[in-house]
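Trainee: Quick one: sequence and predicted model below, then my questions.
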Amino acid sequence: MSESIIPESELEEVELYHAKSWWTEKVFTQDAKLIAIQYGLTAFAIGFVALVLSWFMRIQIAFPELSIISEGTYYQFITMHGMIMVVYLLTALFLGAFGNYMIPLMVGARDMVFPYLNMVSYWTYLVAVLVLFVSFFTPGGPTGAGWTLYPPQAILGGTPGQESGIILMLVSLCIFIVGFTMGGLNYVITILQARTRGMTLMRMPLTVWGIFTATVLALFAFPALFVSAVMMLFDKILLTSFFMPALVEFGENLTYGGGSPILFQHLFWFFGHPEVYIVALPAFGIVSDLISIHARKNIFGFRMMVWAIVGIGALSFIVWAHHMYVSGMNPYFGFFFATTTLIIAVPTALKVYNWILTLWKGNINLTIPMLFCLGFIVTFLNGGLTGLFLGNVIVDVPLSDTYFVVAHFHMVMGIAPVLVILGAIYHWFPLITGKMLHEGMGRFHFWVTFVGSYLIYFPMHYLGFIGVPRRYYEMGQTEALYTSSAADLNVFITLAALAVGFAQLVFIFNVFWSAKRGIIAEKNPWNATSLEWQTPEQPPIHGNFGKELPVVYRWAYDYSVPGAEDDYIPQDVPNEDVKLADGYSELGVEKT
Amino acid sequence: MSIFSTLSQKPWMADQAAIDNNHIGQAVSMPLPRVALYVLMAVIGVLFSLFSVAYIGRMAYGDWRTLPEPTLLWLNTAIIMLSSISFHQATKNAKENQIKRSREYLLLSGVLTFGFIVGQLFVWRELVSFGYFASTNPSYAFFYLLTALHILHLAGGLIAWTVVTIKSFIPQKETSDFALKVNLCAVYWHFLLIVWALLFTMLLLT
């Protein structure tokens, strides 16, 4: 792509859409900020369902004698919890909600480039969510195939939800992907083509870089899920044998034959691994910005941070088979994927070092967003380190079906990104609502969530090491194989999980309470440099930037610049307008 | 400048800032719909590539049978080629501001595309009449799947074609982007022609 200067005459002022009725202004809105809120609320609503499912599962594991759910229901809850959290909550929140809100504001645009398509994208997402949700109420209930939906069991009798649940799941995923593609086109093209004057790609905040790269990954990875979903739908409905081998069910030969379940696994994980980074890269970007702002220091190694985001994005497409070490693959094939997996640790570690070096000698304000960022760094580090264990074939094989894996992926792509999302909400809530979130409730929320998560997942690593298998709805007679501490730990983990769940209820209350009764936020309360805080109104109104679009004169990390009176210089302030500190003749130059 | 030189910029340096301040904020000098179409075609390209990979992967198994391609497919291929050529002519005329002639070619392209879709449905009917169902063999299943997907993408294109064709009946202002829109339709049709040609070649070779 070219970064050459384009003559001004070629630029046309894009006409801003203005709603003509309450319905088109508030409901079928084309304003990216409102669409973002719609995405966010929908994602949180369905995410809350998934959270409640996890409570049921935890209570069942800790107190199997209560039998609050049956084994079939347990599998259904596992499946729905996983799929909702990964796709319908995290992907939709990072790209649909944060992408829509932040991209136009941060790059200095009035809106997304295709607002109508943006609106259709949200409503398509909503349909996908509803189709999935409906499966709870259909005969047989939702699918219990596990979130990876592996054939042949996903569509065979004996697997819960094989009547209609699996069909609704696959259809919902296809609808989600179509909706996402519309949104994704918008995000990518807005970033590439609708930046304001002076906003080069390298002047964009890392939040935008993270969302941009994740969107590109999603645009190219989701088709793999689409392909596998469509082909499995064919197998289920038209009785084709893409993935289905010859099978005997209840003593009868099925009509299937010759299909390859492994083919599905390859397609699924070709999507599935980039999906990890579709969630992680926006989190990396956001956390970089938050750390820089709340430590009053420019991000350490900005260019390396960009390169790492792009590098991780590219590498994420060649590591997928590390999810399939136990599928009986050729050892050399496993060796290749173990190598690429370990290589991806390099740019990832580089990012962790850079966050720590940004904090080093920074003016660290322990605000709630900063607390969440610090929580993220250690959690991501923990989750990343166990990833090095599992990335090696020889270690993965014995650990693969144990709680070690559950602990690993919840730390690295459950808790870590969620901490960023929560930190980001505390950070941008004043921008979105004009109010501050309640400090006391916020701190309570952070500490219970952070400490509670460790109380949940640290013991799970231990359970995994002693061989406690995952996916079992109760230990049953296998309990005799482990020390009695395994059962006790399960009770402990469940209590911690319920406490963390309670903290989320406090958070939800805080959001609604503060939006109505919270302290009115002062303008740009964190003294940030990026453009979203420089709008004439807070919260920004339709069109974002008043009559004139801002002009960008600097990168997004001018914090504590020597010679400047304030410890930040907004991106739209030219050098001539910067107030100099006493004793300086210009920025960085002391009077002689 | 390449992506590499962009990524090596140091935006915090004063000399780089002087250059950056004049930047207009666009990565490529191209109208938005054209960029959107290129990105969309890349995504569709990935989608068909992944289906092709799955096709080749599934072929390796013993139960695979070669699909006897009906002769009608050759005729359909000729029709979609003509449709693409007709779109090319429509673009050429639209650029020369000959709206009426452009409209004639647009209508011809639409009719030919409908013809292609109907032709593909006849191929399906022929296969079904021979007892080649999707469940009979994965190669047949792939045939139905890939052709259906290709038809769906053409159908999506026909929505854009309808809008542009209606536009051709409305008198155009000088600044109108009619020629651009016709051109974008043509590019999409050429793209789907290439996709079909590759799919057809794959079907013939296997």
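Mentor: Cool, got the structure.
Trainee: List the single closest residue to whichever residue of the stretch 101-250 of chain A sits closest to chain B in space, sequence neighbours excluded.
Mentor: Among the residues of the stretch 101-250 of chain A, residue A:195 lies nearest to chain B; the distance is 3.4 Å by CB to the nearest CB. Yep, even glycine has a C-beta here, placed from its N, CA and C like the rest. Spatial nearest neighbour of residue A:195, chain neighbours left out: residue B:25 (3.4 Å); criterion: CB to CB, 6 or more residues apart in numbering or on different chains.
Trainee: I'd like to know how many residues surround the one you found.
Mentor: Residues within reach of residue B:25, counting by other CB atoms under 10 Å in any protein chain shown, total 23.
Trainee: give me phi/psi at it?
Mentor: Main-chain torsions, residue B:25, degrees, to the nearest 10: phi 90, psi 10.
Trainee: Spatially central residue in the chain, please.
Mentor: Picking chain A for this. residue A:279 (3.3 Å; CA atoms, centre = their mean).
Trainee: picking that back up, check what pLDDT the residue nearest to residue A:195 gets.
Mentor: Reported pLDDT at residue B:25 in the predicted model: 91.
Trainee: which residues touch it?
Mentor: A:107-108, A:194-200 (CB atoms under 8 Å, 6 or more residues apart in numbering or on different chains).
Trainee: Same question for residue B:151.
Mentor: If you count contacts by CB under 8 Å, 6+ apart, then residue B:151 has B:117, B:120 around it.
Trainee: and residue B:57, what is it in contact with?
Mentor: Contacts of residue B:57 by CB under 8 Å, 6+ apart are A:260, A:263, A:266.
Trainee: mind redoing it with 7 Å?
Mentor: If you count contacts by CB atoms under 7 Å, 6 or more residues apart in numbering or on different chains, residue B:57 has them with A:260, A:263.
Trainee: and the gap between it and residue A:515?
Mentor: 51 Å (CB to CB, to the nearest Å).
Trainee: Which positions in chain B make contact with chain A?
Mentor: B:1, B:3, B:6-7, B:9-12, B:17, B:20-29, B:32, B:35-36, B:39-40, B:43, B:46-47, B:50-51, B:54, B:57-58, B:61-63, B:134-135, B:138, B:141, B:145 (CB under 7 Å from any CB of the partner chain).
Trainee: right, and the secondary structure at the residue of the stretch 101-250 of chain A closest to chain B would be what?
Mentor: Under the three-state scheme (DSSP: H, G, I helix; E, B strand; the rest coil), residue A:195 adopts coil.
Trainee: Enumerate every residue touching it.
Mentor: With CB under 7 Å, 6+ apart, residue A:195 has these contacts: A:107-109, B:25.
Trainee: The same query, at a cut-off of 10 Å, please.
Mentor: For residue A:195, the contacting residues are A:103-104, A:106-109, A:201, A:203-204, A:208, A:531, A:549, A:552, B:23-27, by CB atoms under 10 Å, 6 or more residues apart in numbering or on different chains.
Trainee: quick one: pLDDT of residue 109?
Mentor: By default, I'm working from chain A. Predicted confidence (pLDDT) for residue A:109: 96.
Trainee: Can you look at chain B instead?
Mentor: Reported pLDDT for residue B:109: 97.
Trainee: Appreciated, that's everything.
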